[in-house]
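A.B. asks: Fold the stuff below for me.
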Amino acid sequence: MSTNTLIQQVVFTNKARCRDCYRCVRVCPVKAIRMRNGQASVEEQRCLHCGTCIRQCPQQAKSYRADLDYVKQICSKARIAACSIAPSFAAAFSDWQRTRLASALRQLGFHYVAETAIGAELVAHRTTEWVRSHPDQQHVCTACPAVVRYVETYRPDLVDHLLPIVSPMVAHGRHIRRQLGEDIVVVFLGPCVAKKAEAQRPDVAGVIDAVLTFAEVSQWLDEANVDLAHCEESDFDELPPQDSRLFALEGGALRTSKLATDILATDVVSVSGFDDVEAAIDAIPTNQHGRLIEPLFCRKGCINGPVMLDRRNVFSRRDDLLDYARQDAAAQDTNARLPETTDLSVHFTPRPIDSDQQIDQRRVQSILKRIGKEKPDDHLNCGACGYASCRDKAIAVTRGLAEPEMCMPHMKRLAEQRVDRIIETSPNGIVILDQSLRILNMNPAFRRFFKCSDATCGQSISCLMDPEPFERLVAEQLEQLELTLEHKNYGLVCHEILYPLPGERQYVGIFVNLTRSQSHERELTRLKAQTVMQAHELLEQQIRMAETIASCLGENTAKSQALLDQLVQLADGDEEAGPSDGPKITHLPPHRSRTGGGRFGN
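C.D. replies: Numbering: from 1, shown residues only. As a prediction, the model looks like this:
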């Protein structure tokens, strides 16, 4: 079944969790990490899929491709679903769990369950034949996909030393298909992330349909409510020869191949962990004798894979696997061999990167100059950025994999320079005193305020001002002291903030010049007083005017009242005279008599 529905990239970065710590750059053996704007991403073409960054990331920002949903889908549609479980499962599950695992996997829908150690036995036998037929050559075992990818990508000149034999996973997949047919689904279970990428290699594509880690298997069991404790004990559908279960250990492939396993043997060498693997491979061109190298990328072998469920001491896991391999020794014929009809051939191809990229020495030197590493003596090679040397980091910058800001000493120096710049340009006066209140340093503003120079450094602060506030700060062991003082000798009014630097046994004084503000405040107070006085004068004038107006109004009102009283009296007198006095004649004003008309006619 084709695996083309799976995306090619295997290792990912969760940007929300990435914290700009460069841990993944430091631990990645081939620096397959690209830093951009402080975010780390995995470069698929450079990545070995070893899972080191997944294991080491403190923020769990690195993860591998999850294939569980895909496996559920293809298994549900398959005529037969088979699974191949890596030998390291004996170190991932306890003794009682191992006896029930086959039964649990069948409940998940697998029709055929067997150990990958069967494929390991086939590979071991073919390896023995190849090495003995080419005794004068140096060979590198190809069971570990991370090692194979390392040689193809970073040591392409040594690809011919890779044994042209598939890994036990692929060997077992071909063995299963030869037995059950091609129209089936084969899933590999193990602790390795690199196996996910190996299953998609063009030269072995279609043999293994998908790869699940032990963590994904555990997740599937939980989702399906399959409890190992409630499963019956059951054997695998096919059992391997005893020694082939040791393939997951350092030296296990040699033991299974019936080759020399003496650690002092000169014709074989077992190495694990990237540093030793790299050293052994680098030694190939200089070694003049035939040798077989058995490399395992993970330290102490697959029992220390990046997705092992059991995180106990690696030697405890090693003991568990050895005990499991011995359990069926009496029941198995250790000399038995599986049929040799399975095709185990494979062709490895160099896939170099950066081979067509010439290093621009001028640009490298320019980058080194930019981060203050222009001279060789300036190269700290501290490794804080994740690269072994300052030059390696500069080369990575030219390739777009790193950023100049990753240099910690450079960024620290820039931060210090920015702080110095802020102090030097601050409008506030800043002075630093030692524990004896002698002046250590001061900025230009302080020198300007107190009319002093650098020659004052080393003298007591008392030569410039009253030291009482600083003495109080020291004597009372205050965390901070704020006060506003007038320095009459300098025509200054300052708001002062004083505080200690306990670690350095120093004291800092910050002087904010309030002189202009104080003058403005005094002027404002004067204007307020003057305004109040003028307001009082205006009010008094308005009161006097109101009183004058009121007096005039009162006099006029009195005259009007008197006139009205006279009119009333006159009217009352006319009424008392009565009709016998003859008709009453009203004498109109002259202008009314000329108009004619009225109540009494002519």
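
A.B. asks: buried sites along the lengthiest strand in the chain?
C.D. replies: Taking DSSP state E as the assignment, the strand of the chain that covers the most residues is strand 492-501. For strand 492-501, burial by neighbour count (16 or more other C-beta atoms under 10 Å) applies to Leu492, Val493, Cys494, Glu496, Ile497, Leu498, Pro500. C-beta here means a position set from N, CA and C on the backbone, and glycine is covered the same way.

A.B. asks: CA-only coordinates of that strand in PDB, if you can.
C.D. replies: As requested, the backbone C-alpha atoms of strand 492-501 are provided in PDB (Å, rounded to 0.1, in the frame of the first residue of the first chain):
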ATOM      1  CA  LEU A 492      19.700  74.000  42.100                       C
ATOM      2  CA  VAL A 493      16.500  72.300  43.400                       C
ATOM      3  CA  CYS A 494      16.700  68.600  42.800                       C
ATOM      4  CA  HIS A 495      14.400  65.600  43.400                       C
ATOM      5  CA  GLU A 496      16.900  62.900  44.500                       C
ATOM      6  CA  ILE A 497      16.400  59.200  44.300                       C
ATOM      7  CA  LEU A 498      19.100  57.200  46.200                       C
ATOM      8  CA  TYR A 499      19.400  53.400  46.300                       C
ATOM      9  CA  PRO A 500      22.100  50.800  47.000                       C
ATOM     10  CA  LEU A 501      23.600  48.100  44.700                       C
END
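
A.B. asks: who does it pair up with?
C.D. replies: Partners of strand 492-501 in the sheet, by DSSP bridges, are strand 481-487 (antiparallel), strand 506-513 (antiparallel).

A.B. asks: Quick check: the two most widely separated of the buried residues of strand 492-501?
C.D. replies: Using C-beta to C-beta, the pair of the buried residues of strand 492-501 lying farthest apart is Val493 and Pro500, separated by 24.6 Å.

A.B. asks: For the stretch 401-550 of the chain, which residues score under the pLDDT cut-off?
C.D. replies: Scanning the stretch 401-550 of the chain for pLDDT under 70 picks out 518-525, 527-528, 531, 534-535, 538.

A.B. asks: Helices of that one, residue ranges please.
C.D. replies: Using DSSP state H, counting those that start in this stretch, the helices of the stretch 401-550 of the chain run over residues 408-425, 444-449, 468-475, 515-577.

A.B. asks: And for the stretch 1-150 of the chain?
C.D. replies: Counting by DSSP H, counting those that start in this stretch, the helices of the stretch 1-150 of the chain are 23-27, 52-56, 68-77, 89-92, 95-107, 117-133, 145-154.

A.B. asks: out of those helices, which comes closest to Gln288?
C.D. replies: Closest among those, once you apply C-beta to C-beta, is helix 117-133, at 16.9 Å.

A.B. asks: What lies in contact with stretch 501-512?
C.D. replies: Under the contact criterion C-beta atoms under 8 Å, 6 or more residues apart in numbering, stretch 501-512 has outside partners 428-435, 437, 440, 445-446, 449, 461, 470, 473-474, 494-500.

A.B. asks: For that stretch, which residues meet the burial criterion?
C.D. replies: Those would be Tyr507, Val508, Gly509, Ile510, Phe511, for stretch 501-512 by 16+ other C-beta under 10 Å.

A.B. asks: Same question for stretch 446-456.
C.D. replies: So, applying 16+ other C-beta under 10 Å, buried residues of stretch 446-456: Phe446, Phe449, Phe450, Cys452, Thr456.

A.B. asks: cool, stretch 247-263 as well?
C.D. replies: So, applying 16+ other C-beta under 10 Å, buried residues of stretch 247-263: Phe247, Ala248, Leu249, Glu250, Gly251, Gly252, Ala253, Leu254, Arg255, Thr256, Ser257, Leu259.

A.B. asks: returning to that earlier point: tell me which of the helices of the stretch 1-150 of the chain sits most buried.
C.D. replies: The highest mean neighbour count among the helices of the stretch 1-150 of the chain, using mean count of other C-beta atoms under 10 Å, belongs to helix 89-92: a mean of 28.

A.B. asks: Report how far apart the opening and closing residues of stretch 30-48 are.
C.D. replies: Using C-alpha to C-alpha, to the nearest Å, the end-to-end distance of stretch 30-48 comes out at 8 Å.

A.B. asks: same question, stretch 6-14
C.D. replies: Stretch 6-14 has an end-to-end distance of 19 Å (C-alpha to C-alpha).

A.B. asks: got it, and stretch 437-444?
C.D. replies: Terminal residues of stretch 437-444 lie 19 Å apart, using C-alpha to C-alpha.

A.B. asks: For that stretch, list every residue counted as buried.
C.D. replies: By 16+ other C-beta under 10 Å, the buried positions in stretch 437-444 come out as Leu437, Ile439, Met442, Asn443.

A.B. asks: and the residues you listed as a markdown table, adding distance to Ala394?
C.D. replies: Listed next are the buried residues of stretch 437-444 as a markdown table, based on distance: C-beta to C-beta, whole Å:
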| residue | distance to Ala394 |
| --- | --- |
| Leu437 | 47 |
| Ile439 | 42 |
| Met442 | 39 |
| Asn443 | 36 |
